[in-house]
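Peer 1: predicted model and sequence follow; I will ask about them next.
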Amino acid sequence: MLALNQTLNSHFETFFNEAIEGGTLPEREKVVAILTSATLLNDQKILKNAVLTAKQLGFTKEEIGQVTAIAIAVNSQRLKDSVEIKTESSNTTTSTCCQ
């Protein structure tokens, strides 16, 4: 949909290219960020490309697995915390009929 507005699309393309290709991070750190993002977004196409790039940069299967495991663990902890908060607050509400 962004392609419908050429000016905004051009600005986005410039931003995207600078974020991915430019900047100060070495390629290994960039691929870790992309692996993490793709894992969290469950974007199989980007994840596949990131894994291929990581392998080309010398990452082992174990390192790639560790990066994705960290992303999954951190995201799972966030989900766990949000459920615990809801559970705790729902337990504090009691009916007055049974007191």
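Peer 2: Structure received. Residues are numbered from 1 along each chain as shown.
Peer 1: how many neighbours does Asp43 have?
Peer 2: Neighbourhood size, Asp43 [other C-beta atoms under 10 Å]: 14. Any C-beta I mention is one placed from the backbone N, CA and C, and that applies to glycine too.
Peer 1: actually Leu4, not the one I typed
Peer 2: If we define neighbours as other C-beta under 10 Å, then Leu4 has 7 of them.
Peer 1: show me what contacts it?
Peer 2: Leu4 makes no contacts at all, as judged by C-beta atoms under 8 Å, 6 or more residues apart in numbering.
Peer 1: what do you get for the one 5 residues further on?
Peer 2: In this structure, Asn9 makes contact with Leu2, Ala3, judged by C-beta under 8 Å, 6+ apart.
Peer 1: which pLDDT value does the model give it?
Peer 2: Asn9 carries a pLDDT value of 93.
Peer 1: check the gap between it and Ala3 for me.
Peer 2: Distance, Asn9 to Ala3, using C-beta to C-beta, to the nearest Å: 5 Å.
Peer 1: and the most centrally placed residue in the chain, what helix or strand is that in?
Peer 2: Centroid-nearest residue in the chain, with C-alpha atoms, centre = their mean: Ser37, separated by 2.8 Å. Element membership of Ser37, judged by DSSP states H and E, is helix 27-41.
Peer 1: may I see the buried residues of the helix or strand just after that helix?
Peer 2: Next helix or strand after helix 27-41 toward the C-terminus (DSSP H and E): helix 44-56. The neighbour-count check on helix 44-56 (16 or more other C-beta atoms under 10 Å) flags Leu47, Ala50, Val51, Thr53, Ala54 as buried.
Peer 1: which elements pack onto helix 44-56?
Peer 2: helix 27-41, helix 61-91 (3 or more C-beta pairs under 8 Å, 6 or more residues apart in numbering; DSSP states H and E).
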